[in-house]
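[1] Structure for the following, please:
(2 chains)
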Amino acid sequence: MPLLASRRTRVASATASVAVLAVGLALKPAAPAAPPPSETPAPILQEVVDRREADAVFRRMRDTAPQVLRFAARLTPVDVPLAVWSDWEPLPPDTRTRERFGVINGARFVLGDVADLDQGAGLRVTLGDGRTFEGRVTSRFQTRGLGTVEVIGAPPLDLPPATRAAPAAGTAAFAAAPHEPSMVVAPVLLAGFTGRELLTTSALAPLRGMPVFTLQGELAGIVAVEGGRPCVLTIGAATEPEPVDAPPEPRFGLSLGLRAGPDGNAVVVTAVAPGGAAARAGLRVNDVVSALDGVEVTRLEDAAERLKRADTAALTIVRGSRTRTIRLSSQGRSTP
Amino acid sequence: MNALLSIGLILLAALIAGHLAQRIRLPEVTGYLVMGALIGPAALDVVTHDNLEALQLLSEVALGLILFSIGTIFEAGTFRAIGPRVAAITAAETAGAFVLVVTAMLLLGLPGAVAVLLGVIAMETAPATTLMVIREYDSSGPLTDSLLALLAINNMIVLVTFGLVSAMLMLVTGSGASAYASAHAIVWGIFGSIALGVLAGLLLDAWARRVKEPGELMTLSIGTVLLTVGAARALGLSPLVASLAVGATIANAPAQTELLAAQLRRTDPPLYAAFFVLAGAELPVALLPQIGITGLAYAVMRSIGKIGGTWAAVRRMPLPVPVRRQLGWCLLSSSSLAIGLTIQVRHQFPAIAGQVTAVVLAAVIVFEIVGPILARSALIRAGEVPRESQPLVS
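    Below you'll find the predicted structure:
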């Protein structure tokens, strides 16, 4: 006999089902409160951005605006020495590529979705106007899920500077990534002068690395992630790469690291061992190392490598407005 | 192209694809999927992104009806006989897939959250594709019976596990809802969906007794299932579980279950064909070359986990040897639920969604093509496909 053969069973089942639904709805937690309105009256993003229109805007920006980039990433093994990228080397023809997007911030760095690439991984970057250059992942914003890529190779590529001001608070915009298989467009609302806050009016959250465009077709920035929530870094926004430290060099009694400076990243002294060669020579924490043995220091890894191999080193340091050269010898090391 | 033109084209393309598939001795569903990929945005772009959006409703309708059909196997008497065995097999094969995929992803250096989410999604077996193969070849027997029940329980386990895992991850990362909201979402998603499905099934049963005409029965059935899917969406419930529950309720009600099911099956050919062609058109074929080592590891470990887990569970069960050997091979199809879960991941974990999506979608392409072929072969080797339904052997 069927389980629900008797009328009594059917009525009981129906009653129980209604009760479960009623209790579930009654106990449903309230939806989170809407974010407070910004000071500037925000235009209400009422219309759903037409996907074809967004596609057209995106393609126009991608094909004509230099700031929108396409990366072809070579997945570099971790143990490949970084020095190999100091020479201009075309990527081999079998390089695996995956299209990603980024924007230029300033003259040296590009921001893109490189968070899953190793530090030092080589990239071929294609600008929106078709120019290509070799780049290398120099740092990653762990909290924002983005990374910076530094231009390398010769001749140096003249990157267009960031010229657009950040969009006003409450600017209606959309994030677009036509290469995504099932999502193309997510309407968003920019809030805050720097565009840090991103309110999405779409059921689909914008993805990290997606460029954000105003409805007028201006590139506003790139979607990053802070605190697990999407935000947008506008072109020209200050970027503070996470500090990177090289292993301490006990023979000279100092440690070097990469820190953000007014002119971009700089190699600085991050620690000086008391009584060590560096301390006796007068080095101090936060001294900027501009050259090592007469060779300009642009990369932390190169400086650390040179120090590891040398018995003596001549560091050209910048402290405040003064520049001086300090000579170190590894023979005068002190015990920690 | 407008929506009507595209749906007409899809149906005719499905007809051609089905015939071609039969000629080269492939399951029809494989033909539908490949044809869909061909005419979809990834290749010829005859069916465009806009068409796919407009026809999304059709896919939801078809999936609801498919799951209703699967739910009808939950007749109490049958389930009492096979339920414990099927539950044990499902637990083993899902655990096998989860453990192996998570381990492999962690060894490849993926973050823990990404690895766990991939592990949960790997547990899924596509109900629609597998059911389509069973129907096409008229298979019947202990393997088929176990398989249908397995599909239903598998999808429920995946939904519950995904809810639990995503709630825990959101709590750990400090983003998103509170603990209470997460717990409510999980409990509501399962029990609320079952309650909705039971209620809808009882209403269908009550009305069906008063209906004489077969055509009216079909209208009633389809209307009820669609109402259930729509209500589930409106209430934030799972349309999948609710549709399963409608089918299960009907199976245990005294109304004309067989007649209801038979009437619904008359809508199968055009609806299923359109559903699978649409599914093929939505396959991100462009991702396949980028599957990479991670995607390959995911695919291999998922397969080993499912087949190995199944074997570990069935080897001491009183089942015929061919059934014990072949069951695992029927569980490899992966599609709509996996894709649905990646969309959930995008909503809840946007920071890591890209990694999860890329791996899952690339693997789905592989499993949707290979899965039905393996399932068909397994059913034939188990002796559950009538000779006249088997592909002709030269």
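[2] Find the helix or strand that the nearest residue to A:Thr214 once chain neighbours are set aside is a member of.
    If the residues on either side of it in the chain are set aside, A:Thr214 comes closest to A:Ala173, at 4.9 Å by C-beta to C-beta, 6 or more residues apart in numbering or on different chains. To be clear about C-beta, it is placed using only N, CA and C from the backbone, and glycine gets the same treatment. If you go by DSSP states H and E, A:Ala173 is part of strand A:172-176.
[3] cool, and B:Leu118?
    helix B:112-122.
[4] Can you give me the buried ones in that helix?
    Residues of helix B:112-122 classed as buried by neighbour count (16 or more other C-beta atoms under 10 Å in any protein chain shown): B:Ala113, B:Val114, B:Ala115, B:Val116, B:Leu117, B:Leu118, B:Gly119, B:Val120, B:Ile121, B:Ala122.
[5] ok, back up a step: pLDDT value on the residue nearest to A:Thr214, please?
    Looking at A:Ala173, its pLDDT is 72.
[6] Let me know whether it touches A:Pro211 as I believe.
    No - between A:Ala173 and A:Pro211 there is no contact under C-beta atoms under 8 Å: 10.0 Å.
[7] what residues are up against B:Thr249?
    If a contact means C-beta atoms under 8 Å, 6 or more residues apart in numbering or on different chains, then B:Thr249 has A:Leu4, A:Ser13, B:Gly71, B:Gly197, B:Val198, B:Ala200, B:Gly201, B:Leu202, B:Leu204, B:Asp205 as its contacts.
[8] Not counting sequence-adjacent ones, nearest residue to the fifth one?
    Here the nearest residue to B:Val198 in space, its sequence neighbours aside, is A:Ser17; by C-beta to C-beta, 6+ apart that works out to 4.6 Å.
[9] can you check the second one too?
    Sequence neighbours aside, B:Val198 is the residue nearest to A:Ser13 in space, at 5.8 Å (criterion: C-beta to C-beta, 6+ apart).
[10] and the one you found, what is it in contact with?
    A:Ser13, A:Ala14, A:Ala16, A:Ser17, B:Ala245, B:Val246, B:Ala248, B:Thr249.
[11] Closest one of those residues to B:Ala312?
    B:Ala248 (28.1 Å; C-beta to C-beta).
[12] how close does the closest one get to chain A?
    B:Ala248 sits 10 Å away from chain A, going by C-beta to the nearest C-beta, to the nearest Å.
[13] Next: B:Phe275.
    16 Å.
[14] from what I can see that residue touches B:Glu60, true?
    No - using C-beta under 8 Å as the test, B:Phe275 is too far from B:Glu60 to be in contact (9.5 Å).
[15] So between the two, which is more surrounded?
    Each of B:Phe275 and B:Glu60 has its neighbours counted (other C-beta atoms under 10 Å in any protein chain shown); B:Phe275 has more, 28 against 17.
[16] contacting residues for the more buried one?
    B:Leu58, B:Ser59, B:Ala62, B:Leu63, B:Ile66, B:Ala128.
[17] any idea which of those residues has the most stuff around it?
    Compared across the contacts of B:Phe275, B:Ile66 has the highest neighbour count, 27 neighbours, by other C-beta under 10 Å.
[18] part of a helix, is B:Ser243?
    Yes - in this structure, B:Ser243 lies within a helix as judged by DSSP: H, G, I helix; E, B strand; the rest coil.
[19] what about the helices in the stretch 201-350 of chain B?
    B:214-235, B:239-251, B:257-265, B:268-282, B:292-314, B:321-326, B:336-348, B:350-381 (DSSP state H, counting those that start in this stretch).
[20] typo on my end, the stretch 201-336 of chain A
    A:277-281, A:300-309.
[21] coming back round to it: a markdown table please, covering the helices of the stretch 201-350 of chain B and showing mean pLDDT.
    Shown next, in a markdown table, are these (pLDDT from 0 to 100):
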| stretch | mean pLDDT |
| --- | --- |
| helix B:214-235 | 86 |
| helix B:239-251 | 87 |
| helix B:257-265 | 66 |
| helix B:268-282 | 77 |
| helix B:292-314 | 91 |
| helix B:321-326 | 82 |
| helix B:336-348 | 73 |
| helix B:350-381 | 81 |
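[22] Kindly compare burial across those and name the winner.
    helix B:239-251 (a mean of 28; mean count of other C-beta atoms under 10 Å in any protein chain shown).
[23] between that one and helix B:214-235, what angle do the directions make?
    In terms of direction (axes from the mean of the first three to the mean of the last three C-alpha atoms, to 10 degrees), helix B:239-251 departs from helix B:214-235 by 140 degrees.
[24] Run the angle between the helix or strand following the helix holding B:Leu118 and helix B:350-381 for me.
    In the C-terminal direction, the helix or strand that comes right after helix B:112-122 (DSSP H and E) is helix B:127-136. Between helix B:127-136 and helix B:350-381, the angle comes out at 10 degrees (the same axes, to 10 degrees).
[25] The next helix or strand after helix B:127-136 - what's its average pLDDT?
    Once helix B:127-136 ends, the next helix or strand along the chain (criterion: DSSP H and E) is helix B:142-173. With pLDDT averaged residue by residue, helix B:142-173 scores 81.
[26] Compute the distance from the centre of helix B:142-173 to the centre of its chain.
    Offset of helix B:142-173 from its chain centre (C-alpha atoms, centre = their mean, to the nearest Å): 11 Å.
[27] Many thanks, I have nothing further to ask.
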